[in-house]
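Visitor: okay, sequence plus prediction incoming.
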Amino acid sequence: MKVRVRSEDGGYVVTHPDGHSVALIPGESYDSDDPIVKAYRWAFDADNVEQASSAPGERRNTTRGR
(Lines give C-alpha, C1' and ligand atoms only; values in the text may rest on other atoms or scores of the structure.)
Protein backbone atom coordinates (compact mmCIF):
# COMPACT_ATOMS: atom_id res chain seq x y z
CA MET A 1 0.00 0.00 0.00
CA LYS A 2 1.19 3.51 -0.76
CA VAL A 3 0.96 6.51 1.54
CA ARG A 4 1.56 10.21 0.87
CA VAL A 5 3.15 12.93 2.98
CA ARG A 6 0.46 15.13 4.55
CA SER A 7 0.13 18.56 2.99
CA GLU A 8 -1.52 20.55 5.79
CA ASP A 9 1.73 21.84 7.31
CA GLY A 10 3.83 22.31 4.17
CA GLY A 11 6.31 19.46 4.73
CA TYR A 12 8.75 18.23 7.35
CA VAL A 13 12.43 17.50 7.89
CA VAL A 14 12.91 14.40 10.03
CA THR A 15 15.73 12.07 11.02
CA HIS A 16 15.71 8.74 9.18
CA PRO A 17 16.14 5.67 11.42
CA ASP A 18 19.62 5.30 9.82
CA GLY A 19 20.57 8.73 11.19
CA HIS A 20 20.46 11.06 8.16
CA SER A 21 17.99 13.94 7.60
CA VAL A 22 15.13 13.47 5.18
CA ALA A 23 12.83 16.15 3.74
CA LEU A 24 9.25 14.93 3.56
CA ILE A 25 7.66 16.86 0.70
CA PRO A 26 3.85 17.16 0.68
CA GLY A 27 2.23 14.75 -1.78
CA GLU A 28 5.35 12.58 -2.10
CA SER A 29 4.50 8.87 -2.17
CA TYR A 30 6.13 6.14 -0.03
CA ASP A 31 5.49 2.43 0.50
CA SER A 32 3.72 1.83 3.80
CA ASP A 33 6.49 -0.56 4.91
CA ASP A 34 9.26 2.05 4.42
CA PRO A 35 11.22 2.68 7.66
CA ILE A 36 10.58 6.45 7.46
CA VAL A 37 6.81 5.81 7.31
CA LYS A 38 6.97 3.45 10.29
CA ALA A 39 8.99 5.98 12.33
CA TYR A 40 6.81 9.02 11.49
CA ARG A 41 3.35 7.59 10.84
CA TRP A 42 1.75 10.90 11.90
CA ALA A 43 3.26 12.64 8.83
CA PHE A 44 1.48 10.42 6.28
CA ASP A 45 -2.03 9.85 4.93
CA ALA A 46 -3.37 6.90 2.94
CA ASP A 47 -2.79 7.34 -0.79
CA ASN A 48 -6.21 6.00 -1.76
CA VAL A 49 -8.02 9.21 -0.79
CA GLU A 50 -9.58 10.83 -3.85
CA GLN A 51 -8.67 14.46 -4.43
CA ALA A 52 -11.81 16.63 -4.65
CA SER A 53 -10.36 19.30 -6.93
CA SER A 54 -7.65 19.37 -9.55
CA ALA A 55 -4.11 20.33 -8.64
CA PRO A 56 -2.60 23.51 -10.12
CA GLY A 57 -1.97 22.90 -13.81
CA GLU A 58 -3.86 19.59 -13.82
CA ARG A 59 -6.56 19.17 -16.43
CA ARG A 60 -9.50 16.88 -15.84
CA ASN A 61 -11.66 15.58 -18.65
CA THR A 62 -15.39 15.57 -18.14
CA THR A 63 -18.25 14.23 -20.20
CA ARG A 64 -21.56 16.00 -20.40
CA GLY A 65 -24.93 14.40 -20.97
CA ARG A 66 -27.02 15.43 -23.93
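Guide: That came through, no problem. For clarity, every value in this text was computed on a predicted model and none was experimentally measured.
Visitor: going forward, measure contacts and count neighbours with C-alpha atoms only.
Guide: Will do.
Visitor: and the least confident helix or strand in the chain by mean pLDDT, what's buried?
Guide: For the chain, counting by mean pLDDT, DSSP states H and E, strand 44-46 ranks last in confidence among helices and strands (a mean of 87). Judged by neighbour count using 16 or more other CA atoms under 10 Å, the buried positions of strand 44-46 are 44-45.
Visitor: and it, how far out from the chain middle?
Guide: Relative to its chain's centre, strand 44-46 lies at 6 Å (CA atoms, centre = their mean, to the nearest Å).
Visitor: partner strands of it, with direction?
Guide: In the sheet, strand 44-46 lines up against strand 2-5 (antiparallel) (DSSP bridges).
Visitor: which residues does the strand it pairs with contact?
Guide: By CA atoms under 8 Å, 6 or more residues apart in numbering, the surrounding residues in contact with strand 2-5 are 11, 24-32, 43-48.
Visitor: and which of those is nearest residue 57?
Guide: residue 27 (15.1 Å; CA to CA).
Visitor: element containing that closest one?
Guide: Assigned by DSSP states H and E, residue 27 falls within no helix or strand.
Visitor: for the chain, which segments count as helices?
Guide: Using DSSP state H, the helices of the chain run over 35-39.
Visitor: which stretches of it have low pLDDT?
Guide: For the chain, the stretches flagged by pLDDT under 70 are 48-53, 66.
Visitor: again, only this time at 90
Guide: Across the chain, the ranges flagged by pLDDT under 90 are 1-2, 4-12, 17, 27, 32, 45-66.
Visitor: would you map the strands across it?
Guide: With DSSP state E applied, the chain shows strands at 2-5, 12-15, 21-24, 29-31, 44-46, listed in chain order.
Visitor: distance to residue 65 added to the ones you listed, as a markdown table?
Guide: Formatted as a markdown table, the strands of the chain follow (distance: least, CA to CA, whole Å):
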| stretch | distance to residue 65 |
| --- | --- |
| strand 2-5 | 35 |
| strand 12-15 | 44 |
| strand 21-24 | 42 |
| strand 29-31 | 35 |
| strand 44-46 | 33 |
